[in-house]
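K.L.:
What would the 3D arrangement of this be:
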Amino acid sequence: MRWSGSSHPWCTVVLCGAFVSLADIGCASQSRNQRRYGSADEREVNGRRGVQIDVTDAFRKELDRANSSGDRLQIAEDAVETALEANQPLQAVYWLLDARSKEKDSDNLEAYDVQILDLIDGGGIQIDRLEALLEQTQPSRFPHEHLLFKLALLQLHARALASAESTLNTYRQTYPNGLYVSRVTHQIRRLRSMERVKPKTIGVLLPLTGPRSAFGRFARQALELAFRGANVRVVIKDTRGEEGVAADVVESLVVEDNAIVLLGPIFRSESRAAAAAAQRLETPLLTISAVEDISRVGSWIFRNGVTNQAQAKALVKHVMEVMNFERFAILHPRHPYGEELRDFFWDEVLARGGTIQGIESYDHTATTFSTEVKRLVGRFKLNRRDDYLEAIKECEAQPDPYRQSRCEGNVRKSLKPLIDFDALFIPDYARNVRMIAAALAAEDIIVEKDPQRLKIIERTLGRLPKVVTLLGASGWNSARITESTGRTVENAVFTDGFFAKSTDERTAQFVEAYRARFGRSPNLYPEALIYDSARLIRQILERDQPTTREALRQALLAVDAYPGVTGQTSFAGASDASKSLKILTIVDGTIVEFGDSSAAERRESAAR
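P.N.:
Sure thing, here's the model as predicted:
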């Protein structure tokens, strides 16, 4: 029989010597076993008002009066059920052991053994309680061997490694031919391997095979440049981009290769699994994953990445402080990337005193966006607009249906969009942004800021247009953004952690070296971030020369204003890097850094 413990949320069983006390009870009803064996008696329990039910004596009396093995087994099951209902698996084990000691039938003894082992293996018993039970159990008597092995596993899980190794050694000495001896031997070897550290060995986790292997290949190229000429050993292992594989790779790099630090992985799911494994093994892991909470896994996990939250903060800070925008609208895909950025952008705008005037969303697989854009600017349900209804009345005076229909068409065409925002945030990628920009232009949402072109637009529309600035995140930083778009994305402002055409000397040198070696320009993700992370680790190994994983962890925490190609990077006592992001814009169809004087000069020259 297998039991699963469940308890009323208000009931707590307290083990008090020879009886089970249900303290702090506010329960509306008792279990069938409480009704059968216990009478409720109100009294003070440990200074707290509650109901104490002395069920132990009742159970024991029933057990002593039982005439058959079957009756004793049933009474034990009732006692165990009471304990499990109150979430006290240890008390259940005590009862089963007590009942087992009175049992002579071999079949029933086997049933007791199975139930006891299920409870021991099922978890829920704290280390100190398990140790107490172990002390009361004689070696070589059931279930001493099982308790000893379970205690070692709990100690390993709690990271009490010295205690775990002592318990494992005790098991091996006591039970040299025991049921778990092979697993115990493996754990002892694993613990001893964990203690060994090779100070110049760096473990790297990359997807070298599988659907995302291209990212692994690009990251490997960046590593080649970063460690060129360094006196280090770099061990790269394949995660296949899979969660389970990543966790195994972490253990292999730590236990077998004795790496002092781990770099990677790249993607979300594998990063979570790798971070959990590295934290358990107390090995510093530096990932570039964009998962927002990855660094909260524990004190051994660091992230040198560009998060969506960081992008939203940098973008809003720029457009509100530098460009003086206060009112915004959001048009986003129904997709985790777009929704996460939407929320961070929205929160940051409100935190800075701005307003969100409107929000529309679209399916992330959509290829047409006319309906969503019409809704955003009040051109979808025209019968809700007073100016439209007033203009339509004039069409009713037309002499025939043809002229009336033509009049109504002209009214719809000339009806100006209702734009009450300074900027429109579109957290999507270049492919969709290009199509969205065309839909915006079709609804007379003007992004042009060139004075001469604005005059032409004003004459065409017959009114002074409201100029809107389009906003985005790193998904916009692609040469594809301006392909076949005319000037529909002109003057857009967006963020990224890396800009290959930057005038920064360090960035320019990296881009030139990468292009010369591999025949292509690097991107932020993963090349630039992996390069910066690898160079940072290299600097720590060469400058600080740590010999323990803890020393390397402390060195990472101390990083302040590291000058990388993805901007200045600081940990400054935190696990998440603080980075200076790039603010980019589009000038005459070309992506440039915001405030680039050469771009402004090109525009003025063209105007002359």
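K.L.:
Pick out the residue nearest the middle of the protein.
P.N.:
residue 291 (3.9 Å; Cα atoms, centre = their mean).
K.L.:
Could you report the separation of that residue from residue 227?
P.N.:
26 Å (Cβ to Cβ, to the nearest Å). C-beta: built from backbone N, CA, C; applies to glycine.
K.L.:
Any idea how far apart the tips of stretch 278-292 sit?
P.N.:
18 Å (Cα to Cα, to the nearest Å).
K.L.:
how close does residue 440 sit to residue 72?
P.N.:
Distance from residue 440 to residue 72, by Cβ to Cβ: 80 Å.
K.L.:
Please say which of the two ends up with more neighbours.
P.N.:
Neighbour count, other Cβ atoms under 10 Å: between residue 440 and residue 72, residue 440 has more, with 25 against 22.
K.L.:
From residue 389, how far off is the residue of the chain most remote from its centre?
P.N.:
Distance from the C-alpha centroid of the chain, by Cα atoms, centre = their mean, peaks at residue 399 (65.5 Å). Per Cβ to Cβ, residue 399 is found 21 Å from residue 389.
K.L.:
Okay, now the unreliable bits of the chain?
P.N.:
Along the chain, segments meeting pLDDT under 70 span 1-61, 63, 123, 597-608.
K.L.:
any idea how far residue 382 is from residue 418?
P.N.:
11 Å.
K.L.:
what do you get for residue 181?
P.N.:
80 Å.
K.L.:
same thing with residue 106?
P.N.:
For residue 106, the distance to residue 382 - Cβ to Cβ - is 86 Å.
K.L.:
Which one of those two is surrounded by more residues?
P.N.:
Neighbours were counted for residue 106 and for residue 382 using other Cβ under 10 Å; residue 382 has more, 17 against 8.
K.L.:
check contacts around the residue lying closest to that one once chain neighbours are set aside.
P.N.:
Closest residue in space to residue 382, ignoring its immediate chain neighbours: residue 388 at 4.4 Å, by Cβ to Cβ, 6 or more residues apart in numbering. Residue 388 makes contacts with 382, 411, 412, 415, as judged by Cβ atoms under 8 Å, 6 or more residues apart in numbering.
K.L.:
Give me the subset of the residues you listed lying in helices.
P.N.:
Among the contacts of residue 388, DSSP state H puts 411, 412 in helices.
K.L.:
what about burial for the contacts of residue 388, which qualify?
P.N.:
For those, a neighbour count by 16 or more other Cβ atoms under 10 Å gives the buried set as 382, 411, 415.
K.L.:
could you say which helix or strand contains the closest residue to the last one other than its chain neighbours?
P.N.:
In other words, residue 415. Excluding its sequence neighbours, the residue lying closest to residue 415 (Cβ to Cβ, 6+ apart) is residue 388, at 5.8 Å. Take DSSP states H and E as the rule and residue 388 turns out to sit in helix 386-395.
K.L.:
CA atoms only: put that helix into PDB for me.
P.N.:
The C-alpha trace of helix 386-395 is given here as PDB (Å, rounded to 0.1, in the frame of the first residue of the first chain):
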ATOM      1  CA  ASP A 386     -19.100  62.600 -33.800                       C
ATOM      2  CA  ASP A 387     -17.100  64.300 -36.600                       C
ATOM      3  CA  TYR A 388     -17.800  61.300 -38.900                       C
ATOM      4  CA  LEU A 389     -21.500  61.300 -38.200                       C
ATOM      5  CA  GLU A 390     -21.700  65.000 -38.800                       C
ATOM      6  CA  ALA A 391     -19.900  64.700 -42.100                       C
ATOM      7  CA  ILE A 392     -22.000  61.800 -43.300                       C
ATOM      8  CA  LYS A 393     -25.200  63.800 -42.800                       C
ATOM      9  CA  GLU A 394     -24.100  66.100 -45.700                       C
ATOM     10  CA  CYS A 395     -23.700  63.000 -47.900                       C
END
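K.L.:
For it, list every residue counted as buried.
P.N.:
Those would be 388, 391, 392, 395, for helix 386-395 by 16+ other Cβ under 10 Å.
K.L.:
repeat for stretch 155-172
P.N.:
155, 156, 163, 164, 165, 167, 168, 171, 172.
K.L.:
can you check stretch 214-229 too?
P.N.:
Buried, per 16+ other Cβ under 10 Å, within stretch 214-229: 215, 216, 218, 219, 220, 221, 222, 223, 225, 226, 227.
K.L.:
so residue 328, which of the three states?
P.N.:
Under DSSP: H, G, I helix; E, B strand; the rest coil, the three-state class of residue 328 is strand.
K.L.:
That one reaches residue 348, doesn't it?
P.N.:
No: the criterion here is Cβ atoms under 8 Å, and residue 328 misses it with residue 348 at 10.2 Å.
K.L.:
All the helices of the stretch 501-608 of the chain, residue numbers only.
P.N.:
505-518, 529-543, 549-557, 597-607 (DSSP state H, counting those that start in this stretch).
K.L.:
which outside residues touch the first one?
P.N.:
It stands for helix 505-518. 221-222, 224-225, 498-502, 520-522, 527-528, 531, 563-565.
K.L.:
Next, the angle from that helix to helix 529-543.
P.N.:
Calculated by axes from the mean of the first three to the mean of the last three Cα atoms, to 10 degrees, helix 505-518 forms an angle of 110 degrees with helix 529-543.
K.L.:
same deal with the third one?
P.N.:
Here helix 549-557 points in a direction 120 degrees away from that of helix 529-543 (the same axes, to 10 degrees).
K.L.:
buried residues in helix 549-557?
P.N.:
Across helix 549-557, burial judged by 16+ other Cβ under 10 Å covers 549, 551, 552, 553, 555, 556, 557.
K.L.:
Now do the same contact list for the spatially closest residue to residue 536 that is not a sequence neighbour.
P.N.:
Sequence neighbours aside, residue 562 is the residue nearest to residue 536 in space, at 5.6 Å (criterion: Cβ to Cβ, 6+ apart). Counting by Cβ under 8 Å, 6+ apart, residue 562 touches 532, 536, 539, 568, 569, 570.
K.L.:
possible to save these as TSV with distance to residue 512 and neighbour count?
P.N.:
TSV is the format used below for the contacts of residue 562 (distance: Cβ to Cβ, whole Å; neighbours: other Cβ atoms under 10 Å):
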residue	distance to residue 512	neighbour count
532	16	28
536	21	23
539	21	14
568	21	13
569	21	21
570	26	15
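K.L.:
Would you check how far apart residue 572 and residue 560 are?
P.N.:
5 Å.
K.L.:
I should have written residue 581 there, sorry.
P.N.:
18 Å.
K.L.:
Tell me which of the two has more neighbours.
P.N.:
Comparing residue 581 with residue 560 by neighbour count (other Cβ under 10 Å), the higher total belongs to residue 581, at 22 against 12.
K.L.:
So for stretch 83-101, what gets flagged as buried?
P.N.:
83-97, 99-100.
K.L.:
Just these: which are in helices?
P.N.:
Short answer: the buried residues of stretch 83-101 in helices (DSSP H) are 83-85, 89-97, 99-100.
K.L.:
Can you pick out the most distant pair from these?
P.N.:
85 and 100 (21.2 Å; Cβ to Cβ).
K.L.:
show me where the stretch 251-400 of the chain has helices.
P.N.:
268-280, 308-321, 336-351, 370-376, 386-395.
K.L.:
contacts for the longest one?
P.N.:
With Cβ under 8 Å, 6+ apart as the test, helix 336-351 has contacts from 292, 308-309, 311-313, 315-317, 320, 328, 330, 332-333, 355-356, 359, 361, 364, 425, 427-428, 473, 475.
K.L.:
List the buried residues of that helix.
P.N.:
337, 338, 339, 340, 341, 342, 343, 344, 345, 346, 348, 349.
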